[in-house]
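1. Return a 3D structure for these sequence lines:
(one chain, ligands or ions: 1)
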Amino acid sequence: MCPPTYFTVEYAINPWMDPTQPTSTQLAVEQWTALKETYERLGHDVQVIEPIPGLPDMVFSANSGTVIDGRVLGSRFRASQRSAEADHFRRWFLSSGYNSVVMPTAVNEAEGDFTWTGSLLLAGTGFRTDPGAHSEAQEVLGVPVVSLQLVDPRFYHLDVALFMLDDQSSTPLVAYYPEAFSPGSQQVLRRLFPDAVIANDDDAVCLGLNAVSDGKHVVMPIEATHLAEQVARRGFEPVFVDISELRKSGGGPKCCTMELRG
Ligand SMILES: NC(=[NH2+])NCCC[C@H](N)C(=O)O
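-> Predicted coordinates:
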């Protein structure tokens, strides 16, 4: 995770961002700190990277790397305003003992558009990550990739349209908002995950799908009440966080969280 020390909305690269609206860096820091403390309370180890002045979106660490079995595929941002973030994370990986770190050649916003199901890498495209990054991820990480087409600009990354509830069991459980995907991709999702939790409009517009599950607890925005009921019905425990300030930039709990797998 990266503290939002320099968080603000000073450019607009998704429909949530409005630079004319005020933001509070202090409130963002408070909400981020509560998110980090939530993970720690749930028993998870959190590593923190140093924030860099002039990179207001660096708090969204999920966009800077995809780590599977200790192998790292870094990122390449679509927007010039964020491009410098990728190298700070590359250096963090190298100084933290990761020795397989590959930087992509295609636009690749990492876990923003890549979701690991435990056996497949679901890969979004349409707004940010280039389809060429999908085959690159398959090659570098050595995992099968399934491309999914995003169609609604409000849900510009895969991780605001879908998340894994359980990537450990033999039947991975996913939650998603169908309308964020093209008809063909909706069909793919139905085929792969016939038992998925289906989110509604209210869940999607509070960025409720931008949740983080450890297979037991699901850390999610407080507004996502319908989604919370659905996940509770499947035996998971919703854990609410207030991320209203970070949502002004189009982010939620998952965007602030890069998962270090192995
Ligand atoms: N993983 C995510 N969805 N991150 C959110 C990134 C938000 C950031 N303002 C952007 O538009 O790039």
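
2. drop to CA atoms for contacts and neighbour counts, all remaining ones
-> Fine.

3. Now the stretch 51-200 of the chain against the ligand: closest residue?
-> Per Cα to the nearest ligand atom, the residue of the stretch 51-200 of the chain with the smallest distance to the ligand is Gly112, at 3.6 Å.

4. Any idea how many residues pack against that residue?
-> The local packing of Gly112 (other Cα atoms under 10 Å) involves 28 other residues.

5. How about the one 3 residues further on?
-> A count of neighbours around Thr115, defined by other Cα under 10 Å, yields 22.

6. That one: which element?
-> Applying DSSP states H and E as the criterion places Thr115 in strand 114-116.

7. helices or strands up against that strand?
-> Counting contacts by 3 or more Cα pairs under 8 Å, 6 or more residues apart in numbering; DSSP states H and E, strand 114-116 is packed against strand 121-125, strand 162-166.

8. CSV please, covering those strands and showing distance to Pro4, mean pLDDT and mean neighbour count.
-> Converted to CSV, the helices and strands packed on strand 114-116 look like this (distance: least, Cα to Cα, whole Å; pLDDT from 0 to 100; neighbours: other Cα atoms under 10 Å):
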stretch, distance to Pro4, mean pLDDT, mean neighbour count
strand 121-125, 26, 98, 25
strand 162-166, 23, 97, 25
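
9. tell me the SS of Ala137?
-> Secondary structure state of Ala137, per DSSP: H, G, I helix; E, B strand; the rest coil, is helix.

10. Going forward, the N-terminal residue is numbered 59.
-> OK, 59 is where the count begins now, so the last one is Ala195.

11. from memory it sits against Leu131, does it?
-> Yes: here Ala195 lies in contact with Leu131, judged by Cα atoms under 8 Å, at a distance of 7.1 Å.

12. Hmm, Cys60 and Val87 touching each other?
-> No: judged on Cα under 8 Å, Val87 makes no contact with Cys60 at a distance of 10.2 Å.

13. Return the residues of the stretch 59-208 of the chain in contact with the ligand.
-> 71-72, 115, 118, 120-121, 170 (Cα under 6 Å from any ligand atom).

14. Could you rerun that using 5 Å?
-> Counting by Cα under 5 Å from any ligand atom, the residues of the stretch 59-208 of the chain lying close to the ligand are Gly170.

15. Strands of the stretch 59-208 of the chain, start to end?
-> 124-126, 129-131, 159-160, 172-174, 179-183, 203-207 (DSSP state E, counting those that start in this stretch).

16. what about Phe65, how many neighbours?
-> Other residues within reach of Phe65 by the criterion other Cα under 10 Å amount to 26.

17. Let me see the contact set for it.
-> Neighbouring residues of Phe65 by Cα atoms under 8 Å, 6 or more residues apart in numbering: 83, 86, 113-117.

18. Do you know the pLDDT at it?
-> Note for Phe65: predicted pLDDT of 98.

19. Distance of it relative to Lys306?
-> In this structure, Phe65 and Lys306 are 11 Å apart, going by Cα to Cα, to the nearest Å.

20. now do Asp103
-> Distance from Asp103 to Lys306, by Cα to Cα: 27 Å.

21. more crowded one of the two?
-> Ranked by neighbour count (other Cα under 10 Å), Asp103 and Lys306 place Lys306 first, with 20 against 11.

22. quick one, phi psi at that one?
-> Per-residue torsions, Lys306: phi -60, psi -20 (degrees, to the nearest 10).

23. Make sure Ala137 is actually in contact with Tyr69.
-> No: here Ala137 does not reach Tyr69: they are 10.2 Å apart, not a contact under Cα under 8 Å.

24. quick one: the helices in the stretch 109-258 of the chain?
-> 143-153, 189-199, 241-250 (DSSP state H, counting those that start in this stretch).

25. Now do the buried residues in the last one.
-> Residues of helix 241-250 classed as buried by neighbour count (16 or more other Cα atoms under 10 Å): 243-244, 247.
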